[in-house]
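# Provided below are the primary sequence and the corresponding predicted coordinates.
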Amino acid sequence: MPKFKETPSYIKALVMPTAQKQTGRKVWSIDLETVWLPFFTATNTMRDTAIPVDALGSPLRLAYDKDGSVKFSVNGRPVIKVAKPISESVAMVRENFVAHIQEYAETVATERQAEYAETIRMAEKAGKPIIEHDKKKLNEAIQQRLADAMEAEVGGETEAEVGGEPEAEKELVTA
């Protein structure tokens, strides 16, 4: 496990805010056109990956049903999917990303046990009033919805009675 005295720059970069807004097709919630394609083109250029060039050139593909016909969604639009080599590469990046984050957290928790434990204690203490507030508001909202539902049900019976036609008495029939 790597030991380091300061946070690595790649970790610092992950938690810094950016002003970029992305609006294209997302893969793992990250823009395909402005992030994944340039990244995988770069990794292919450096020979770190061997993603087929047709996948980079045509990353979005028409989806087909098992019988070979074009696949349509429920709303009638054709289904478009990301080319398999790209989606598989994104999945690998995701798995590696998670592994690096876990490794970093474990290293910090091991090397700075006291500070890590204190940060957890402070976070729990700071979060407690928020959790309590949310519980209170949720309970109030549930009670209000129940009251509204009961009022609507009673209101529905009242409207039927106001209509002028009394309901026939029901007779219990036994077998």
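That came in fine, so what should we check first?
# Now stretch 87-100: buried residues?
Of all the residues in stretch 87-100, those buried under the rule 16 or more other Cβ atoms under 10 Å are 87, 89-90, 93. No exception for glycine: its C-beta is placed from N, CA and C like everyone else's.
# ok, and the helix or strand in the chain with the lowest average confidence?
Using mean pLDDT, DSSP states H and E, the weakest-scoring helix or strand in the chain turns out to be helix 9-14, at a mean of 81.
# can you dump the C-alpha coordinates of that helix into PDB?
What follows is helix 9-14, C-alpha atoms only, in PDB (Å, rounded to 0.1, in the frame of the first residue of the first chain):
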ATOM      1  CA  SER A   9      -2.800  15.800  -6.900                       C
ATOM      2  CA  TYR A  10      -5.000  13.400  -8.700                       C
ATOM      3  CA  ILE A  11      -7.200  13.000  -5.600                       C
ATOM      4  CA  LYS A  12      -7.200  16.700  -5.000                       C
ATOM      5  CA  ALA A  13      -8.300  17.200  -8.700                       C
ATOM      6  CA  LEU A  14     -11.300  14.800  -8.100                       C
END
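# same question for the lengthiest helix in the chain, mean pLDDT?
Counting by DSSP state H, the longest helix found in the chain is helix 113-162. Summarised as a single mean, pLDDT over helix 113-162 is 89.
# Find out how far it is from the centre of the chain, if you would.
Distance of helix 113-162 from the chain centroid (Cα atoms, centre = their mean, to the nearest Å) equals 23 Å.
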